[in-house]
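Trainee: Dropping the sequence and predicted coords here.
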Amino acid sequence: MVTRRSVLGATVAAASATLLTGTALTPLLSARNRADPRTLPAAPAGLAAGPLLPPFSVPMPRQRELRPMLRWGNRDIYLMTIRKATAEIFPGRSTDVLTYDGHFPGPVIRARSGRTVVVHQRNTLDMPVAVHLHGANVAPEHDGSPMDTFGPGTARTYVYPNRQSHAALWFHDHAHHMESEHVYRGLSGNYLLTDKLEAALPLPRGEFEVPITLRDARFDETGQLAYAMADPGRTTILANGRPAPFFQVAARKYRFRLLNGANSRFFALRLSDGSTMTQIGSDGGLLERPVNVPSIVLTPGERADVVIDFSRYPVGTQLVLENTLGPGSPDLVGKVLRFDVVRTAADPSSVPEVLRTLPAAADLPAPVVTRDITMQMDEDGRAQPRGFMNGQLYDPERIDITAAHGTSEIWNVTNTNTRIPHNFHMHLVQFRVLERGGKPVGPTEAGLKDTVRVMAGETVKLHVTFNTYRGDYVYHCHMLDHSAMGMMATFRIR
Ligand code: C2O
Ligand code: CU
């Protein structure tokens, strides 16, 4: 492709390289686990990757797309039951999972800007739940915020007006103190919002547009999910709910809608032949232009919209999507999935040079307030580390930030830990990441974002605008183990 974009690719490569070196892997381990092996969770060693199931033994399933139960005027109505189910993650074994309507991985809802989606959720678990639509612009009473739960045997109707442009949204449990384990056990799904602009582009579609949710897990020797807070032993990598699966593709372009659905794991993804992938979108939809990248870093909750053109490979080629970040050794966590090029196919799709336009940083509404936000977690090796936003544990009774409706602000978010990485997610708002460490971010982070990585010692400068709903929403670290430790706070728009 054009030279300019190759240059951008090189910049991204350089930026990622610092993340990928051996020494950079170490900081990704939680300090407490490195400091004292006795604090490692007692869960059994597990199936891990190797002997019981060699990589690429099972096919990667596609996520189930739901049809609305009813289309009524401008509304698509879905009925879902939150329930226990079993999934065949390992061949011949049945694993207990928590699901939206029985699906593991979770189902996909397809929505369109301007059409309302109504989801009636029935809770048949023995725990309260809250369903949060991550990245969505919704009224506070439909946001599924941590304290706004509904209990066993009850139901809740969420209304999503979709008054925002196309975006790669996802939904997951958010019940306070339980979100981490609930999401780990399966409560997440994709919600792909499209609009006229996106739908008009000649991108790969239909069977060639494939949502892939990546995550990790620890399994015990019976194939059951083992959960412990901040467990570094989650070293089985799942792609669409299967351990290091293979996926058969035609020798043409595919669009992969990647979601990091892990609780805490960061992924750095690359192709085994060292060739580039074309990133076309992030959390809040398309980038302005496609970017060729040798590697994609995805922190929990982040999405990447990626086109891979398999027409450059002869039929018979096997290409591995690799992960270069720990915790876990490369033989355990290094293989994510294998693409097997098995046939040729016509390809009418293309990736336009210009995907959308977004206001340049200088043209964004002038901020009226600048705030400093710090994220920090105990890293002194204590058994029950706490997480803090601006030095405080999450208290749902406390309003941490009050912003004026109709204004924009600058949020400087700093990770003040010396080793532990975090990321930062806020509800309601798709923000712009202006800078990291005082320098403009690369093109893959320059679109609309709702989740952004903040490595130890780093500061990201965000431009946020509050011009839609009023009310209370949370912001937090999306390493869900960390938010469950208290790294969450509330902003009020009034
Ligand atoms: Cu996916 Cu409060 O987050
Ligand atoms: Cu964190």
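Mentor: Arrived safely, thanks for sending. Ligands and ions are numbered 1, 2, ... in the order given.
Trainee: Is P245 in contact with V336, as I believe?
Mentor: No: using CB atoms under 8 Å, P245 is not in contact with V336; the gap is 9.1 Å. From N, CA and C alone the C-beta is placed, and that goes for glycine too.
Trainee: Next, show the common contact partners of those two.
Mentor: The contact sets of P245 and V336 overlap at A239 (CB atoms under 8 Å, 6 or more residues apart in numbering).
Trainee: Would you pull up the residue in the stretch 301-450 of the chain closest to ligand 1?
Mentor: For the stretch 301-450 of the chain, the residue positioned closest to ligand 1 under CB to the nearest ligand atom is G301, at a distance of 4.8 Å.
Trainee: So the closest residue to that residue other than its chain neighbours, which state does it fall into?
Mentor: With sequence-adjacent residues excluded and distances taken as CB to CB, 6 or more residues apart in numbering, G301 is closest to H478, at 3.8 Å. Under DSSP: H, G, I helix; E, B strand; the rest coil, H478 falls in the coil class.
Trainee: Which residue ranges of the stretch 201-350 of the chain form strands?
Mentor: For the stretch 201-350 of the chain, the strands defined by DSSP state E, counting those that start in this stretch occupy 209-217, 236-239, 242-243, 246-251, 253-260, 267-271, 277-282, 285-293, 296-298, 303-309, 318-323, 335-344.
Trainee: Quick check, the residue in the stretch 1-150 of the chain closest to ligand 1?
Mentor: For the stretch 1-150 of the chain, CB to the nearest ligand atom, closest residue to ligand 1: H134, 3.4 Å.
Trainee: so what's that residue up against?
Mentor: L169, W170, F171, H172, G301, H425, D450, T451.
Trainee: between these, which is closest to L125?
Mentor: L125 lies nearest to H172 out of those, by CB to CB, at 14.3 Å.
Trainee: Tell me, how many residues neighbour the residue in the stretch 201-350 of the chain positioned nearest to ligand 2?
Mentor: Nearest residue of the stretch 201-350 of the chain to ligand 2: S264, at 7.7 Å (CB to the ion). Number of residues near S264 (other CB atoms under 10 Å) recorded here: 26.
Trainee: which residues sit against stretch 368-381?
Mentor: Under CB under 8 Å, 6+ apart, the answer for stretch 368-381 is 30-32, 35-36, 39, 385-391, 401, 403-404, 407-420, 422, 424, 454, 475, 477, 482, 485, 487.
Trainee: Selecting buried members of these in PyMOL, what would you type?
Mentor: Filtering those down to the buried ones (16 or more other CB atoms under 10 Å) takes a single PyMOL command:
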select buried, resi 30+31+32+39+385+387+388+389+401+403+407+408+409+410+411+413+414+415+416+417+419+420+422+424+454+475+477+482+485+487
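Trainee: returning to what we had before: distance of the residue of the stretch 301-450 of the chain closest to ligand 1 from T459?
Mentor: 20 Å (CB to CB, to the nearest Å).
Trainee: higher neighbour count, these two?
Mentor: Shown here are G301 and T459; by other CB under 10 Å, G301 has more neighbours (28 against 17).
Trainee: just checking, the more buried one touches N423?
Mentor: Yes: under the criterion of CB under 8 Å, G301 makes contact with N423 at 6.9 Å.
Trainee: who are the neighbours in contact with R386?
Mentor: M377, D378, L393, M485, G486.
Trainee: Just the buried residues out of these, in ChimeraX syntax.
Mentor: This is the ChimeraX syntax for the buried subset of the contacts of R386, where burial follows 16+ other CB under 10 Å:
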select :377,378,485,486
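Trainee: I'd like the contacts of R386 laid out as a markdown table, including distance to Y227 and secondary structure.
Mentor: Output for the contacts of R386, formatted as a markdown table (distance: CB to CB, whole Å; DSSP: H, G, I helix; E, B strand; the rest coil):
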| residue | distance to Y227 | secondary structure |
| --- | --- | --- |
| M377 | 19 | strand |
| D378 | 21 | coil |
| L393 | 22 | coil |
| M485 | 15 | coil |
| G486 | 19 | coil |
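Trainee: Dump the C-alpha coordinates for stretch 259-272 into CSV.
Mentor: Provided in CSV are the C-alpha atoms of stretch 259-272 (Å, rounded to 0.1, in the frame of the first residue of the first chain):
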residue,chain,number,x,y,z
LEU,A,259,-12.9,-7.8,21.2
ASN,A,260,-10.7,-8.4,24.2
GLY,A,261,-13.2,-9.9,26.5
ALA,A,262,-10.6,-11.0,29.1
ASN,A,263,-10.8,-9.8,32.7
SER,A,264,-7.2,-8.7,32.9
ARG,A,265,-5.1,-10.0,30.0
PHE,A,266,-3.5,-7.6,27.5
PHE,A,267,-3.0,-9.1,24.0
ALA,A,268,-0.4,-8.0,21.5
LEU,A,269,-1.5,-9.7,18.3
ARG,A,270,0.6,-10.4,15.2
LEU,A,271,0.6,-12.8,12.2
SER,A,272,3.1,-15.6,12.3
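Trainee: What does the residue of the stretch 1-150 of the chain closest to ligand 1 show for phi and psi?
Mentor: The phi/psi pair for H134 (degrees, to the nearest 10) reads phi -70, psi 120.
Trainee: again, but for N467
Mentor: For N467, the backbone dihedrals (degrees, to the nearest 10) come out as phi -120, psi 20.
Trainee: do the one 3 residues further on as well
Mentor: According to degrees, to the nearest 10, the main-chain angles of R470 amount to phi -110, psi 160.
Trainee: what number of residues lie near the residue nearest to E141 when sequence neighbours are not counted?
Mentor: Using CB to CB, 6+ apart and skipping residues adjacent in sequence, the residue nearest E141 is D148, 7.3 Å away. Neighbours of D148 under the rule other CB under 10 Å: 20.
Trainee: ok, D148 touching A139?
Mentor: No: D148 lies out of contact with A139 (CB under 8 Å); the separation is 11.5 Å.
Trainee: Return the residues in contact with I82.
Mentor: By CB under 8 Å, 6+ apart, the neighbours of I82 are L98, T99, Y100, D101, Q121, R122, N123, T124, L125, V129, V131, L187.
Trainee: Give me the spatial nearest neighbour of the second one, chain neighbours excluded.
Mentor: Taking CB to CB, 6+ apart as the measure, T99 lies nearest to A85, with 4.5 Å between them; neighbours along the chain are not counted.
Trainee: I'd assumed T465 was in a strand, is it?
Mentor: Yes: T465 sits within a strand when classified using three-state DSSP.
Trainee: Next up, the contacts around the residue nearest the centre of the chain.
Mentor: By CA atoms, centre = their mean, the chain has its centre lying nearest to G301, at 2.4 Å. By CB under 8 Å, 6+ apart, G301 lies in contact with H134, W170, N260, N423, H425, D450, T451, H478.
Trainee: And the second one, how far from P367?
Mentor: Taking CB to CB as the measure, W170 and P367 are separated by 29 Å.
Trainee: Give me the more crowded residue out of the two.
Mentor: W170 (27 against 16).
Trainee: Pop out the phi and psi values for that one.
Mentor: phi -150, psi 160.
Trainee: now P352
Mentor: Per degrees, to the nearest 10, the backbone of P352 is at phi -60, psi 150.
Trainee: Could you check how far it is from H405?
Mentor: As judged by CB to CB, P352 and H405 stand 36 Å apart.
Trainee: W411 now?
Mentor: W411 is 16 Å from H405, by CB to CB.
Trainee: what does P290 give?
Mentor: Distance of P290 to H405, computed by CB to CB: 36 Å.
Trainee: ok, now Q376?
Mentor: Distance from Q376 to H405, by CB to CB: 30 Å.
Trainee: More neighbours: which of these two?
Mentor: Legend: neighbour count by other CB under 10 Å for Q376 and H405, higher for Q376 (21 against 13).
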